[in-house]
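Participant: I would like to see how this sequence folds:
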Amino acid sequence: MSEMTIPETADGIDAAWLDGALRAGGLDTGNHIVATRPEAVAEAVGLMGEITRFRLDWDAPADGQPASVIAKLPSALAENRELALTMGYYECEHRFYAEVAGGCAMRTPRTWYSAADAAAGRYALIIEDVGGYERVDQMDGADPDHAAAVIDALAALHAEWWASPRLRDHAWLPDGLGDDVRIYGDLCKGSWPSFAEATAGVITDDDRALAEAFLAGYDTMIDRSLDAPHTLVHRDFRVDNMHFDAGEPVVFDWGSVAHGGGLYDLAYFMAGSMTVEDRQAHDTELLARYRSRLASAGVEVDDPTFGEWHDVGALFCLVVPILAGGSVLDTRDEKGERLVAEALRRLFSYLHDHDSVRFLD
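Facilitator: Residues are numbered from 1 along each chain as shown. I've put the predicted structure just below:
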């Protein structure tokens with residue numbers, strides 16, 4: 001087979017290309033894709049990428065042939081594409097699915113094909129279509145049962161990679177903890193005034209005081225996390241980035257994957273993907289569940305250390321929204337704006353409940 005050409009947009013994907021891609025990815029039943037029907041993925045925001053479902057018609061039935069697949073390509077919007085390329089988003093997701101996903105303790109969509117031409121900025125990822133599984137809306141929040149299943153899967157992932165020398169085998173993984181992220185403190189301080197102005201109707205005076213304490217103590221937070229163990233982290237670990245197959249989470253959108261502090265993922269999920277009421281009712285139980293699952297896998301952490309690592313992870317959840325500055329609520333979509341506003345309310349509620357800035361004094 002001749003070398004596959006990576007299409008620039010979903011319009012460049014047809015039956016022949018997908019047939020070749022699935023064969024190149026290892027699927028060969030002797031049958032061929034004869035027609036495709038592309039569909040926009042309704043629940044996919046796709047700010048960083050073009051996400052399309054392709055329904056597949058085969059020339060004959062056979063076990064193992066997918067009826068549909070998901071294609072992910074770089075964003076068609078030049079500004080978004082360039083930002084994602086600069087951040088290494090496409091490269092990280094490609095490498096994750098090509099090198100890590102198949103042996104990962106956390107379930108991810110099956111990788112049918114993944115290709116990259118980094119010099120040209122072209123990437124194509126074909127993965128399992130998990131759209132038929134249960135989806136939990138971010139705004140509604142995960143209920144306690146779904147949250148417990150997610151915590152179990154997250155602890156298994158983190159324990160598998162906890163302080164693992166295998167992390168060094170993947171030099172493309174960015175560093176999500178320590179000196180490499182120190183620069184975000186200065187960047188956040190620069191964007192804070194516009195963020196505070198844009199969110200004046202969303203966050204409270206107490207929220208602003210907490211965020212200002214976080215910014216003032218940012219370097220202290222980094223200093224106190226320099227010796228913390230690293231693990232594999234998703235870094236956008238929210239319920240919108242997973243579906244549930246008979247209760248088991250299947251997690252996607254790995255473009256932000258890194259090595260760093262696992263409790264960032266934990267706090268990010270609990271603070272953002274549950275309603276305040278459900279989270280407050282089950283907060284202690286879920287944190288204990290995560291810690292217990294780590295311990296059962298051989299990762300023992302004492303109370304003060306776990307508490308400090310948790311607070312570092314929770315506080316670091318402020319970085320991305322503050323960096324967005326005055327555009328934090330500018331989602332160009334009313335539903336998106338409501339979701340961001342609710343996410344901020346949930347996050348600040350979580351930080352207040354845990355008094356996470358206390359160790360910065």
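Participant: Mind giving me the packing neighbours of the top strand by length along the chain?
Facilitator: With secondary structure taken from DSSP state E, the chain has its longest strand at strand 49-58. Under the contact criterion of 3 or more Cβ pairs under 8 Å, 6 or more residues apart in numbering; DSSP states H and E, strand 49-58 touches helix 15-24, strand 33-40, strand 68-74. Where C-beta positions appear, they are placed from N, C-alpha and C, glycine not excepted.
Participant: residues in contact with the second one?
Facilitator: Meaning strand 33-40. Strand 33-40 is contacted by residues 10, 13-16, 18-19, 22, 52-59 when judged by Cβ atoms under 8 Å, 6 or more residues apart in numbering.
Participant: So which of the residues you listed is the closest to residue 107?
Facilitator: Proximity of the contacts of strand 33-40 to residue 107 (Cβ to Cβ) peaks at residue 53, which lies at 19.7 Å.
Participant: Spatially, and excluding backbone neighbours, which residue is closest to that closest one.
Facilitator: Leaving out its chain neighbours, the residue that sits closest to residue 53 by Cβ to Cβ, 6 or more residues apart in numbering is residue 39, at 4.5 Å.
Participant: Repeat that for residue 234.
Facilitator: residue 265 (5.5 Å).
Participant: what about that neighbour, which helix or strand?
Facilitator: Using DSSP states H and E, residue 265 sits in helix 262-272.
Participant: And that helix, what's buried?
Facilitator: Buried residues in helix 262-272, counted by 16 or more other Cβ atoms under 10 Å: 262-272.
Participant: other SSEs contacting the next helix or strand after it?
Facilitator: Using DSSP H and E, the helix or strand that follows helix 262-272 towards the C-terminus is helix 276-296. Under the contact criterion of 3+ Cβ pairs under 8 Å, 6+ apart, helix 276-296 touches helix 144-161, helix 262-272, helix 334-354.
Participant: how about 6 Å then?
Facilitator: helix 144-161 (3 or more Cβ pairs under 6 Å, 6 or more residues apart in numbering; DSSP states H and E).
Participant: contacting residues around the helix it packs on?
Facilitator: 105-106, 136, 231-232, 247, 249, 262, 265, 274, 282, 286, 289-290, 293-294, 297, 299 (Cβ atoms under 6 Å, 6 or more residues apart in numbering).
Participant: Which residue is the nearest non-sequential neighbour of residue 354?
Facilitator: Nearest to residue 354 is residue 314, by Cβ to Cβ, 6+ apart, at 6.2 Å.
Participant: going on from the helix or strand hosting that neighbour, what's the next piece of helix or strand?
Facilitator: In this structure, residue 314 sits in helix 303-316 according to DSSP H and E. Per DSSP H and E, the first helix or strand lying C-terminal to helix 303-316 is helix 319-323.
Participant: Please save the CA atoms from that next one in PDB.
Facilitator: Listed next in PDB are the C-alpha coordinates belonging to helix 319-323 (Å, rounded to 0.1, in the frame of the first residue of the first chain):
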ATOM      1  CA  VAL A 319      -4.800  28.800  36.000                       C
ATOM      2  CA  VAL A 320      -6.700  28.100  32.800                       C
ATOM      3  CA  PRO A 321      -9.700  30.300  33.500                       C
ATOM      4  CA  ILE A 322      -7.600  33.200  34.700                       C
ATOM      5  CA  LEU A 323      -5.300  32.900  31.700                       C
END
